[in-house]
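J.: give me a 3D structure for the following:
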Amino acid sequence: MNASMLSYILFSCLLLSVQAQNCTVRDIIRYTKYLLEESSVSCPCRETAVSSCTCLPIAEPGHELACFVEGTEHMLKNNISSNAVIARLNLSFQIQLDRNLCKSLARGDQCQYKTKGNVKEFLNKILRTYQTINK
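T.: Take a look at the predicted model:
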């Protein structure tokens with residue numbers, strides 16, 4: 001391993017540790033807004049009827065992070081929207097969940113929801129949740 005590789009790894013670890021100190025709200029809001037602008041999916045999500053619409057969990061209070069992880073994983077598997085941005089969001093949610101950050105959003109590590117929504121509704125839930133924290 002050469003010196004430049006080692007310094008890159010150390011710098012990456014430093015960035016991750018700094019990012020992990022808080023609830024990375026600004027990046028999540030920025031990525032979510034980008035996906036909302038890019039997304040044209042506004043089909044109705046009906047759990048009873050079989051439809052081509054992607055239905056994602058709309059989290060119950062205190063279970064947002066687990067549902068955000070689950071929803072973004074589903075979006076990645078099904079190639080919905082920009083994979084690079086969704087992967088960043090998914091990683092951010094996973095880090096926040098694993099490191100017990102944003103405690104108000106992660107009372108449990110199971111996704112609990114009463115309804116499902118389409119991609120736009122799911123992204124709007126993420127946006128509203130993090131905008132509330134950002135106030």
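
J.: assumed Y130 was part of a helix.
T.: Yes: per DSSP: H, G, I helix; E, B strand; the rest coil, Y130 lies within a helix segment.

J.: quick one, grab the pLDDT at it.
T.: In the prediction, the pLDDT value recorded for Y130 is 91.

J.: roughly how far apart are it and L76?
T.: Between Y130 and L76 the computed distance is 19 Å (Cβ to Cβ, to the nearest Å). (Glycine included, C-beta is placed from N, CA and C.)

J.: of the two, which one has the most company?
T.: Using other Cβ atoms under 10 Å as the criterion, Y130 and L76 rank with Y130 on top: 23 against 15.

J.: name the residues of stretch 54-68 that are buried.
T.: 54-60, 63-68 (16 or more other Cβ atoms under 10 Å).

J.: looking at those, spot the one nearest E121.
T.: Distance to E121, by Cβ to Cβ, is smallest for I58 among those, at 6.4 Å.

J.: any idea of the pLDDT on that closest one?
T.: Among the per-residue scores, I58 holds a pLDDT of 94.

J.: ok, F68 touching L123?
T.: No: using Cβ atoms under 8 Å, F68 makes no contact with L123, being 10.0 Å away.

J.: any shared contact partners between these two?
T.: Counting by Cβ atoms under 8 Å, 6 or more residues apart in numbering, F68 and L123 have no shared contacts at all.

J.: tell me, how many residues neighbour V25?
T.: V25: 17 neighbours (other Cβ under 10 Å).

J.: list the contacts of it.
T.: Contact criterion Cβ under 8 Å, 6+ apart gives 130, 133-134 as the residues in contact with V25.

J.: inside strands: which ones of the buried residues of stretch 54-68?
T.: When those are checked against strands using DSSP state E, the ones located there are 56-59.

J.: just the residues you listed now: which is nearest A87?
T.: L56 (16.0 Å).

J.: ok, the closest one touching L76?
T.: No: counting by Cβ under 8 Å, L76 is not a contact partner of L56; they are 11.9 Å apart.

J.: the protein: strands as residue ranges?
T.: Using DSSP E, strands in the chain cover 56-59, 113-117.

J.: tell me which of those sits nearest to N100.
T.: With Cβ to Cβ, the closest approach to N100 among those belongs to strand 56-59: 17.0 Å.
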